[in-house]
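K.L.:
model this:
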Amino acid sequence: MKARLSVMMFLQFFIWGGWFVTLGTFLANNLGASGGQIGMAFSTQSWGAIIAPFIIGLIADRYFNAERILAVLHLLGAVLLYQLYRAPDFIGFYPYVLAYMVIYMPTLALVNSVAFRQMSDPAQEFSRIRVWGTIGWIVAGLVISFVFAWDAQQSIATGALRNTFLMSAIASLALGLYSFTLPRTAPLKPEAGSGGIKQLLGLDALGLLKDRSYLVFFIASILICIPLAFYYQNANPFLAEIGVTNPTAKMAIGQVSEVLFMLLLPLFIQRFGIKLTLLVGMLAWALRYVLFAYGDNGELVFMLFTGIALHGICYDFFFVSGQIYTDAKAPERFRSSAQGLITLATYGVGMLIGFWVAGQVTDHYAAVGGSHDWRSIWLFPAGFALLIFFCFSVAFKGRKRVAG
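P.N.:
Numbers count the residues shown, from 1 in each chain. Take a look at the predicted model:
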């Protein structure tokens with residue numbers, strides 16, 4: 001059973017990593033998209049995150065087996081990914097990427113539901129299965145760079161990155177068919193007094209915002225998504241433009257780092273407390289972008305690799321520790337709603353703003369001929385993250401320890 005669930009996780013994130021990392025590079029170089037248009041394409045992830053609770057909470061969780069919904073969504077996803085492969089320009093591309101992310105984002109919750117329902121001790125078992133999703137993302141990058149070399153300068157020029165959508169479509173078809181073989185995961189009967197749009201969107205946890213420290217954390221979580229969006233949207237195009245070879249595979253260093261720092265995170269929180277953990281995560285964002293701003297593809301290439309490797313600290317020490325902090329602050333009956341609220345705020349609202357800002361800044365510093373003033377582009381999120389860091393350090397008065 002663990003092997004079957006691990007295959008599910010591997011394919012789930014192989015599909016996403018197979019096209020999302022190189023999306024900005026493909027749109028800029030092959031569809032002639034502007035920074036604003038690239039921001040629109042990436043923000044479809046946010047629209048998917050906003051709409052996902054309705055699809056899962058109001059439909060899937062109540063009326064259908066999770067594994068069957070997962071199968072249908074991935075089969076539809078295969079068709080949409082194939083349409084992305086065939087899209088001739090951005091106008092033809094955008095409706096399909098929006099439709100795809102609206103149906104893909106709910107599958108993130110569905111694979112978790114299928115996995116959790118088969119476990120006797122999720123706290124001990126889930127991480128060993130979920131890590132195969134990260135491995136799937138890494139393998140996708142290695143395939144793009146080292147097996148097919150689609151992200152090499154010559155290949156980008158000939159439009160080879162278009163094949164990433166075809167590869168992901170095949171993987172989505174495989175996972176769609178495979179999902180029909182997964183264990184039956186019937187919808188659970190709702191508990192008395194549970195359900196409703198308010199709970200599904202986490203709105204019944206809004207009372208947490210009456211706590212001053214949590215309100216400061218909540219606002220910081222939304223704002224730090226602006227630097228996060230710059231990484232997702234611009235890192236691969238940046239590395240490709242300055243001539244880094246196999247940029248997609250090298251960005252997988254970030255996922256390896258994420259796994260390692262995920263293991264260290266509980267020890268760090270226990271030793272230093274939640275406030276310092278969150279501050280370290282924020283500071284890592286500023287440091288990462290300074291490294292990107294002043295690194296190059298020559299003698300200073302180590303600065304670029306260090307910035308990529310900081311992904312584990314950037315993501316785990318703020319976003320994952322923020323989920324832990326939210327769980328500790330929320331009353332037991334509101335914990336699921338509280339997680340829904342912080343997810344909606346970050347991946348929904350925060351990333352939506354972040355991708356728009358990243359697109360505008362990238363366009364502002366675009367040069368004639370398609371090149372960019374990358375130093376200025378990266379210094380913007382570096383300064384923004386540093387400003388959030390200082391404001392948070394003064395305003396946040398959270399407890400030193402978070403109970404496990």
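K.L.:
what's the first-to-last distance across stretch 237-245?
P.N.:
Chord length of stretch 237-245, first to last residue, is 12 Å (CA to CA, to the nearest Å).
K.L.:
Can you mark which positions in that stretch are buried?
P.N.:
By 16 or more other CB atoms under 10 Å, the buried positions in stretch 237-245 come out as 237-242, 244. Every residue, glycine included, has its C-beta placed from N, CA and C.
K.L.:
Ok, stretch 36-50 next?
P.N.:
37-50.
K.L.:
Among these, which one sits closest to Thr181?
P.N.:
Nearest to Thr181 among these: Gly48, at 25.8 Å, using CB to CB.
K.L.:
Thought Val102 was touching that closest one, still the case?
P.N.:
Yes: here Gly48 reaches Val102: they are 5.0 Å apart, a contact under CB atoms under 8 Å.
K.L.:
for the chain, what helix or strand is lowest in average pLDDT?
P.N.:
In the chain, the helix or strand scored least confidently by mean pLDDT, DSSP states H and E is helix 197-200, which has a mean of 60.
K.L.:
and the helix or strand following that helix, average pLDDT?
P.N.:
The helix or strand immediately downstream of helix 197-200 is helix 212-223, counting by DSSP states H and E. Summarised as a single mean, pLDDT over helix 212-223 is 94.
K.L.:
Mind listing what's buried along helix 212-223?
P.N.:
Applying 16+ other CB under 10 Å to helix 212-223 flags 213-214, 216-223 as buried.
K.L.:
Which of the residues you listed sits closest to Ile253?
P.N.:
Ser221 (25.2 Å).
K.L.:
Which residue is the nearest non-sequential neighbour of Val290?
P.N.:
Distances taken as CB to CB, 6 or more residues apart in numbering put Ala382 closest to Val290, at 5.0 Å, once the chain neighbours are dropped.
K.L.:
got it, and Leu283?
P.N.:
Phe389 is the one closest to Leu283 (CB to CB, 6+ apart), at 5.5 Å.
K.L.:
Pull the contacting residues for the one you found.
P.N.:
Taking CB atoms under 8 Å, 6 or more residues apart in numbering, we find Phe389 in contact with 279, 282-283, 286.
K.L.:
chain center to the lengthiest helix in the chain, what's the gap?
P.N.:
Counting by DSSP state H, the longest helix found in the chain is helix 90-116. Chain-centre distance of helix 90-116: 12 Å, with CA atoms, centre = their mean, to the nearest Å.
K.L.:
what's the following helix or strand after it?
P.N.:
helix 122-142.
K.L.:
can you state the direction angle for that following helix and helix 90-116?
P.N.:
If you take axes from the mean of the first three to the mean of the last three CA atoms, to 10 degrees, helix 122-142 sits at 150 degrees to helix 90-116.
K.L.:
what's the distance between helix 122-142 and the middle of its chain?
P.N.:
On CA atoms, centre = their mean, the centre of helix 122-142 falls 14 Å from that of its chain.
K.L.:
And this protein, split by domain according to the record?
P.N.:
Dividing the chain into domains by automatic domain parsing, as the record does, gives the ranges 1-183, 197-404.
K.L.:
May I have the distance across stretch 296-310, first residue to last?
P.N.:
17 Å.
K.L.:
contact partners of it?
P.N.:
235, 239, 242-244, 250-251, 253-254, 257, 284, 287-289, 291-292, 294-295.
K.L.:
in it, what counts as buried?
P.N.:
Here stretch 296-310 shows 303-304, 307-310 as buried, counting by 16+ other CB under 10 Å.
K.L.:
How about the contacts made by the residue nearest to Val290?
P.N.:
227, 285-290, 293.
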